[in-house]
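Undergrad: Provide a 3D model corresponding to the input given below.
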Amino acid sequence: MFLLKTYFRYLTHEDRVRCQIELEKGQVREFIIQYEIFIQGEWAAVTRFDTFHDVVHRDLISPDGVVTKKWFLKFNFDEGLTFAYDIENNWENIGNGTYRR
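TA: Numbers count the residues shown, from 1 in each chain. The predicted model follows:
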């Protein structure tokens with residue numbers, strides 16, 4: 001049986017982290033941790049850590065939609081989730097200067 005948790009952590013009224021974690025027997029089965037900004041009346045993804053493609057990776061999303069991937073092959077999903085949560089400590093430096101509000 002799987003447990004799916006989905007929630008938002010608001011950093012400011014224009015910055016949030018979207019979290020979606022699927023657990024099986026206490027182990028991470030898959031996850032998405034995504035930093036978003038509110039710009040031009042809607043929420044836009046800036047960076048995302050996830051387990052799509054069956055490996056932990058980060059997508060850095062430019063304002064024009066171009067996605068740059070960085071793979072973290074040394075992490076299992078539990079370690080990757082812990083690493084991804086650090087986005088909450090460094091969100092002010094992500095996409096700094098590339099997004100205009």
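Undergrad: Going by contacts, tell me the helices and strands next to the biggest helix by length in the chain.
TA: Using DSSP state H to define each element, the chain has its longest helix at helix 77-84. If you count contacts as 3 or more C-beta pairs under 8 Å, 6 or more residues apart in numbering; DSSP states H and E, helix 77-84 packs onto strand 27-39, strand 42-50. To be clear about C-beta, it is placed using only N, CA and C from the backbone, and glycine gets the same treatment.
Undergrad: Tell me what angle the longest one forms with helix 77-84.
TA: Pointing back at strand 27-39 there. Interaxial angle, strand 27-39 versus helix 77-84 (axes from the mean of the first three to the mean of the last three C-alpha atoms, to 10 degrees): 30 degrees.
Undergrad: ok, the closest residue to Leu73 other than its chain neighbours - contacts?
TA: If the residues on either side of it in the chain are set aside, Leu73 comes closest to Val55, at 6.2 Å by C-beta to C-beta, 6 or more residues apart in numbering. Listed by C-beta atoms under 8 Å, 6 or more residues apart in numbering, the contact set of Val55 reads Trp71, Phe72, Leu73.
Undergrad: any low-confidence regions in this protein?
TA: Across the chain, residues meeting the criterion (pLDDT under 70) sit at 95-101.
Undergrad: hmm, try it at 90
TA: Scanning the chain for pLDDT under 90 picks out 1, 26, 40, 63-65, 87-101.
Undergrad: Most remote residue from the middle of it, which is it?
TA: If you look at how far each residue of the chain sits from its centre, by C-alpha atoms, centre = their mean, the farthest one is Met1, at 24.4 Å.
Undergrad: does that one really touch Glu24, like I thought?
TA: Yes: counting by C-beta atoms under 8 Å, Met1 does reach Glu24; the two are 7.5 Å apart.
Undergrad: surely Leu11 meets Ile94?
TA: No: judged on C-beta under 8 Å, Leu11 makes no contact with Ile94 at a distance of 10.9 Å.
Undergrad: Sounds good, over and out.
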